[in-house]
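Participant: Return a 3D structure for these sequence lines:
(one chain, ligands or ions: 1)
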Amino acid sequence: MVNRRAQDIRRLNRFEMLRRFYAADTAKTRQDLASETGLSFATVSNLTAELLDAGVLVEAGHAGSSGGRPRALLNLNAQRGALVGVDVGETSVRTELFDLSLRELAVHEESLARGEVTPEQVVELIETGVQAVLDTADLPRAHVLGAGVSIPGLVERERGVSAYSPYWAWRDVPMRDLIAERLAMPVHLDNPLKASTLAELWFGAGRDADPLVVVTLRSGVGAGFAFGGTLFRGLTDSAGEWGHTCLVLGGRPCRCGRLGCVEAYVGVNGIVETLRYLAPDDPLLALTRQEDRLLSELAARAATGDAVATGVIRETAGYLAAALGSLVNLLNPEVLVLGNQIADHLGEHLLRDTRAALADHTLAQPLSAVSLRLSSLPHDAVSRGAAAFAFEGFLDDRDVFGPVSRARSARARAKAEAIAED
Ligand SMILES: [Zn+2]
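Facilitator: Numbering: from 1, shown residues only. Model (predicted):
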C-alpha cells in the first residue's frame, strides 16, 4: 500500500513536470522546474535523471548565470518516438501522428457510414489510418511508442472495453485488444470527454486551471473534469455524462432513449431541432447529414445578422447556459472551456450569447469566479488528448521507469545535485 502510494506520487510529479515543457514550449533548467512545480530540487533532479535516462528529455545547452557554474537546460526529446492519436467520431475516424513534443507529423481521415457500424469496421479504418500517417511521415511502425484511441460512449479504461456506445448499440466490446492485435503496438482506450479534457489540461485553454471543466459539443455532448491537475473519472469511468442529464422534464426525445436530455438541445441534432422549430422550411434543413457544412453556413448567416440563424444560436446558448449553470453551481470551477465541432464553428457568437444567459442560471458568487472560454486547440482536441494518453501509458511502462531504470539513473542524479550545489 505504501509502495503503491509512493509510486502514484512519483507518477503525478513526473506528469506535473513534463506539462511545464508543453505549457511553455521552451528549454528549462532544473531550477526553473523546481520553482514552477513547487517540487523540491532533489525531487526534480531525481525525476529529470530518470527522464534523461529514458531519452524523453535531452540536454539542450546551458543557461547563462551570473558568477557560478552555467546551468544545464533540458527539453523534450521530440525524436524519442512517435505517438498515435485516434478520434473515432460518429461520422469519421481521424488518425494523427505526433512526435514526442506533440507536434503533428501527419493526419488521415476516413468517413464512417451512417447507421450500424461494427467494431471490426472501426478496427479496419484505424489500421488504414495508422498505415497512412506512417507512410506520410515516412516512419517505421517500430518508431511508435503507443496509440491512444477515443471511442464515443462509455469506456472502461482499465479493461480496455467500450462498455456502451449509444450510436452503434455496442456493449462490452474489447476494443483495446482488437486494435492492439492489428496495430502491434501498445493501445490505450478512452472516450472523447476524457481525451478533450486531458488535451485542454496539457496543451490548451485549461492549463493551470483548477478546478477545470471542459464541455464537448458535437453530436454527442458531455463534460470532463480535472481536479488538482488530474482527470476525474468516477468509480466506473463514466463521470461526465452530463449530456444525458435532464434539462427539460418530458422534453425532446434523446438518442439514449430518455426524454429532455441536455444533448437533445445543444448537440448537433438539438441545434437542427431548434432550427426546424423556428423555421420549418429553412434550406439548411436539407444539410442535416452534413454537420460541418450545416454549422458553418449557420455561422456565416448569423455573421450577416440573419434573423433565423441568430435566433437558433441564441436559443441554443439559452439551453446551454441553463445546463452549464448546474455545473458552475455544483463545482465552482476556475475555467469552463467550450470545445469541439459546435464551438469551433459557432465560436465567439455562441460564447457571447451563452455568457449573457449564464447569469440567469448561476449563483452570483461562482459566476463571478468562473472564466468561460473557447478551446484554444486546433480542430483535434480529441486525437491530441488520445495521443497524450498514449504518452502517459509509455511513461507508466515499468520497463522504461521500473526499479532497474531508477538504479541506472542514480549516478546521473548524484551528478546533477553536485552541479546544483554551486
Ligand atoms: Zn440522453
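Participant: how about the residues of the chain that lie near the ion?
Facilitator: 244, 254, 256, 258, 261 (Cβ under 5 Å from the ion). Every C-beta, even on glycine, is put in place using the N, C-alpha and C of the backbone.
Participant: In JSON lines: these, plus neighbour count, pLDDT and distance to residue 110.
Facilitator: Shown next, in JSON lines, are those (neighbours: other Cβ atoms under 10 Å; pLDDT from 0 to 100; distance: Cβ to Cβ, whole Å):
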{"residue": "244", "neighbour count": "18", "pLDDT": "95", "distance to residue 110": "28"}
{"residue": "254", "neighbour count": "23", "pLDDT": "94", "distance to residue 110": "28"}
{"residue": "256", "neighbour count": "16", "pLDDT": "87", "distance to residue 110": "26"}
{"residue": "258", "neighbour count": "14", "pLDDT": "95", "distance to residue 110": "31"}
{"residue": "261", "neighbour count": "27", "pLDDT": "98", "distance to residue 110": "29"}
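Participant: residue ranges of the strands in the stretch 101-250 of the chain, please?
Facilitator: Using DSSP state E, counting those that start in this stretch, the strands found in the stretch 101-250 of the chain span residues 104-111, 144-150, 154-156, 161-165, 170-173, 187-190, 212-217, 221-227, 230-232.
Participant: Next, find the distance separating the closest residue to the ion within the stretch 51-200 of the chain from residue 261.
Facilitator: Nearest to the ion in the stretch 51-200 of the chain, going by Cβ to the ion, is residue 166, at a distance of 7.7 Å. Using Cβ to Cβ, to the nearest Å, one gets 11 Å for the distance from residue 166 to residue 261.
Participant: State the distance from residue 192 to residue 168.
Facilitator: Taking Cβ to Cβ, one finds residue 192 at 15 Å from residue 168.
Participant: same check, this time on residue 345
Facilitator: Distance from residue 345 to residue 168, by Cβ to Cβ: 25 Å.
Participant: Domain ranges for the protein, per the record?
Facilitator: What automatic domain parsing lists as the domains of the chain is 2-77+399-420, 80-195+380-395, 205-374.
Participant: Can you say which of the ones you listed is packed in most?
Facilitator: domain 80-195+380-395 (a mean of 20; mean count of other Cβ atoms under 10 Å).
Participant: Can you give me the end-to-end span of it?
Facilitator: 12 Å (Cα to Cα, to the nearest Å).
Participant: just how off-centre is that domain within its chain?
Facilitator: Once both centres are worked out by Cα atoms, centre = their mean, to the nearest Å, domain 80-195+380-395 turns out to sit 13 Å from its chain's centre.
Participant: as a whole number, average confidence for it?
Facilitator: In this model, domain 80-195+380-395 carries a mean pLDDT of 94.
Participant: cool, and stretch 5-24?
Facilitator: 82.
Participant: quick revisit: please produce TSV containing the strands of the stretch 101-250 of the chain, extended by distance to residue 46.
Facilitator: Listed next are these as TSV, based on distance: least, Cβ to Cβ, whole Å:
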stretch	distance to residue 46
strand 104-111	32
strand 144-150	23
strand 154-156	33
strand 161-165	36
strand 170-173	41
strand 187-190	26
strand 212-217	28
strand 221-227	25
strand 230-232	21
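Participant: hmm, who's touching stretch 371-384?
Facilitator: 85-87, 89, 94-96, 98, 102, 104, 107, 150, 192, 195-196, 199-200, 203-205, 209, 214, 324, 334-340, 343-344, 347-348, 351, 354-355, 358 (Cβ atoms under 8 Å, 6 or more residues apart in numbering).
Participant: Surely residue 311 and residue 282 touch.
Facilitator: No: here residue 311 does not reach residue 282: they are 10.5 Å apart, not a contact under Cβ atoms under 8 Å.
Participant: can you list residues touching both of the two?
Facilitator: Joint contacts of residue 311 and residue 282 (Cβ under 8 Å, 6+ apart) do not exist.
Participant: which one is residue 248 nearest to, not counting chain neighbours?
Facilitator: Computed as Cβ to Cβ, 6 or more residues apart in numbering, the closest residue to residue 248 that is not its neighbour in sequence is residue 260, at 4.0 Å.
Participant: ok, now which ones touch that neighbour?
Facilitator: Residue 260 neighbours (Cβ under 8 Å, 6+ apart): 246-252, 254.
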